[in-house]
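Student: With the sequence up front, the predicted model follows.
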Amino acid sequence: MHIAQDIQTWFAGRPKIEVIPWPPKSPDLNVIEKTWIKLKERRCELLKKILLGIRTSCEVKFLISSRIRTIFSSTLISCLVESEKW
């Protein structure tokens, strides 16, 4: 229930509005608290997806760069052997 006198007076002047007493700071009755919880959960899910995407991207880049290094080094060795400068 609102404890501010101005708010109580405003409600008192509107008999069609039923004032329901709620315990102060009750998270289970507070819609905003539930919204914040859902928002935090969604943020965590999104961060996990982003981090997984970054990790996957890094793994792919590493595999590609490893393959390129392997091809480059084997090509370099082949060239040196063929040119008899090895």
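Tutor: Yep, that arrived. Numbers count the residues shown, from 1 in each chain.

Student: quick one: which helix or strand includes residue 50?
Tutor: Here residue 50, judged by DSSP states H and E, is contained in helix 31-82.

Student: so where's the protein uncertain?
Tutor: Along the chain, the parts satisfying pLDDT under 70 run over 1-3, 26-29, 72-73, 75-86.

Student: Tally up the residues packed near residue 6, please.
Tutor: Residue 6 has 8 neighbours, counted by other Cβ atoms under 10 Å. From N, CA and C alone the C-beta is placed, and that goes for glycine too.

Student: Equivalent analysis for the one 4 residues further on, please.
Tutor: As a burial measure, the neighbour count of residue 10 was computed by other Cβ under 10 Å and equals 12.

Student: Spell out which residues sit in contact with it, please.
Tutor: Applying Cβ atoms under 8 Å, 6 or more residues apart in numbering to residue 10 gives no contacts.

Student: Helix, strand or coil: sort out it for me.
Tutor: When classified by DSSP: H, G, I helix; E, B strand; the rest coil, residue 10 comes out as helix.

Student: how near is it to residue 19?
Tutor: 10 Å (Cβ to Cβ, to the nearest Å).

Student: Report the secondary structure element holding residue 23.
Tutor: Using DSSP H and E, residue 23 falls outside every helix and strand.

Student: and the gap between it and residue 30?
Tutor: 10 Å.

Student: Tell me which of these two has more neighbours.
Tutor: Relative neighbour count places residue 30 above the other of residue 23 and residue 30, with 13 against 8, counting by other Cβ under 10 Å.

Student: Overlap of the contact sets of residue 23 and residue 30?
Tutor: What both residue 23 and residue 30 touch, as defined by Cβ under 8 Å, 6+ apart, is an empty set.

Student: burial of residue 8, as a residue count?
Tutor: Around residue 8 there are 13 other residues, counting by other Cβ under 10 Å.
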